[in-house]
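J.: sequence and computational prediction follow.
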Amino acid sequence: MGVSNLSRVEKGDCALIVIDMQSDFICEGAPIECPGGREILQRLKELLAFARSQGIPVIYTQEMHRPEKIDFGRELEREEPEHCVEGTPGVEIIEEIKPQKGDFVVPKRRYSGFYLTDLEILLKGLKKKTLIITGVATNVCVYATTLDAQQRDHHVIVISDCVAGTSRELHQAFLRNTDYVLGDVVTAQEMMDTLKK
C-alpha cells in the first residue's frame with residue numbers, strides 16, 4: 001500500500017475495533033452476506049487473542065434495528081434488505097468470535113460506529129487514539145466508522161485480511177481509498193509484528 005505511519009503506533013494507545021461481525025452479514029445465505037466474511041475468521045481470532053494478551057481493549061460494534069423498522073433511516077431505500085432486527089438470530093455476533101469478559105459492545109443504528117453511540121465517550125475513557133479496525137463491511141460500516149474516526153483525529157489502521165465487503169470488488173476499491181486518504185492498511189501479521197516491537 002502507500003504511505004505508512006506504523007512506526008508511530010504505540011501499543012498503549014491502541015484499541016481493536018470489531019465491526020458488525022453478525023450473523024446477518026457473515027452466515028451462508030445471510031441477507032447481506034459479505035463474500036470472504038467467513039474466510040477472515042481465523043486471522044481475526046488470532047488478532048483478537050493477541051490484543052487481549054497485550055492488554056489492548058477490544059470493542060465490538062453491533063448493528064441493530066427495532067422490529068418496527070423506524071430506525072433504519074434511508075438504509076432500505078437502496079439495495080440492502082432488512083437485516084439485524086432485534087430479537088432475530090441475525091442480529092447476534094457470530095459464535096466463533098463472541099465478546100469475552102472485559103470486551104466492550106457498542107450497539108449502533110447506522111453505518112458509523114460513532115453516529116449517536118457512546119463509542120467516542122468509551123475511547124476517551126480508555127484514552128485510546130489509535131484504532132485497529134476489523135469486521136464488515138469494508139465498503140459500508142467499516143468505511144463509515146474509519147472515516148468518522150479519521151475526522152475525529154484518530155490514527156486509523158484497517159486490517160486488510162480481517163475485513164470483508166459486500167462484494168470483493170468494492171472491498172478492494174474501499175481498501176485502496178482508505179489507504180489513499182484515511183489511514184494505514186496492513187495485514188494482521190504486520191500489525192502484530194509492529195505491536196510486538
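T.: Looks like it came in fine.

J.: and the strand ranked longest in the chain, how far from the chain's centre?
T.: The residue-count maximum for a strand in the chain (DSSP state E) belongs to strand 155-164. Averaging C-alpha positions (C-alpha atoms, centre = their mean, to the nearest Å) puts strand 155-164 8 Å from its chain's average.

J.: after it, next one along is what?
T.: Counting by DSSP states H and E, the next helix or strand C-terminal to strand 155-164 is helix 168-181.

J.: and for stretch 60-69, what are the contacting residues?
T.: With C-beta atoms under 8 Å, 6 or more residues apart in numbering as the test, stretch 60-69 has contacts from 17-22, 71-72, 76, 82-87, 91, 93, 99, 103-109, 113, 117, 119, 135, 141, 145. For every residue, glycine as well, the C-beta is placed using N, CA and C.

J.: just stretch 28-48 next, same as before
T.: 16, 18, 21, 23-27, 58, 80-83, 90, 94, 96-97, 132, 134, 136-137, 159, 161-168, 171, 188, 191-192.

J.: redo that, cut-off 6 Å
T.: 24-26, 81, 83, 96, 134, 136-137, 161-162, 164, 166, 168, 188 (C-beta atoms under 6 Å, 6 or more residues apart in numbering).

J.: separate out the buried members of those.
T.: D24, F25, I26, H83, T134, V136, A137, D161, C162, A164, T166, A188 (16 or more other C-beta atoms under 10 Å).

J.: can you add pLDDT and distance to M64 and give those back as CSV?
T.: Shown next, in CSV, are those (pLDDT from 0 to 100; distance: C-beta to C-beta, whole Å):
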residue, pLDDT, distance to M64
D24, 98, 10
F25, 98, 12
I26, 98, 15
H83, 94, 10
T134, 98, 19
V136, 98, 15
A137, 98, 16
D161, 98, 27
C162, 98, 22
A164, 98, 20
T166, 97, 19
A188, 98, 27
